[in-house]
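Trainee: output the structure for:
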Amino acid sequence: MPVTRKGLWLILMGLLVMVSGFVLMMGGAPSDPQVFNWSIFDFRRLVAAPVVIACGVVVIVVGIMSHPKSEEKEEAR
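Mentor: The predicted structure follows:
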């Protein structure tokens, strides 16, 4: 199998991190549509959430690209 068990766990953890980033980005809807809500421009939505999502993507890429250690030992022989 191209993706190892450890890689599959990393992919699932990366997806969980990405979902948490999207949850951080949610919210900011005003109760009255005629009033502008400045909370859509806060630090959590503009900086923290995209950084968390990018970290999730990095974890997923590491999970996909990691090599199983047993193949490295067999190649050395």
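Trainee: so K6 sits against S66, correct?
Mentor: Yes: taking CB atoms under 8 Å as the definition, K6 is a contact partner of S66 at 6.9 Å. (Glycine included, C-beta is placed from N, CA and C.)
Trainee: so what's the residue most central in space within the chain up against?
Mentor: When CA atoms, centre = their mean is applied to the chain, the residue found nearest the centroid is G56 (2.0 Å). The neighbours of G56, taking CB atoms under 8 Å, 6 or more residues apart in numbering as the test, are G14, L15, L16, V17, M18, V19, S20, G21.
Trainee: quick one: contacts of the longest helix seen in the chain?
Mentor: Ranked by residue count, the top helix of the chain under DSSP state H comes out as helix 5-25. Defining contact as CB under 8 Å, 6+ apart, one finds that helix 5-25 is touched by 3, 44-45, 48-53, 55-60, 62-64, 66.
Trainee: can you check stretch 42-49 too?
Mentor: So stretch 42-49 is contacted by G21, F22, L24, M25, G27, G28 (CB under 8 Å, 6+ apart).
Trainee: one more time with 7 Å, if that's ok
Mentor: If you take CB atoms under 7 Å, 6 or more residues apart in numbering as the criterion, stretch 42-49 is touched by G21, L24, M25, G28.
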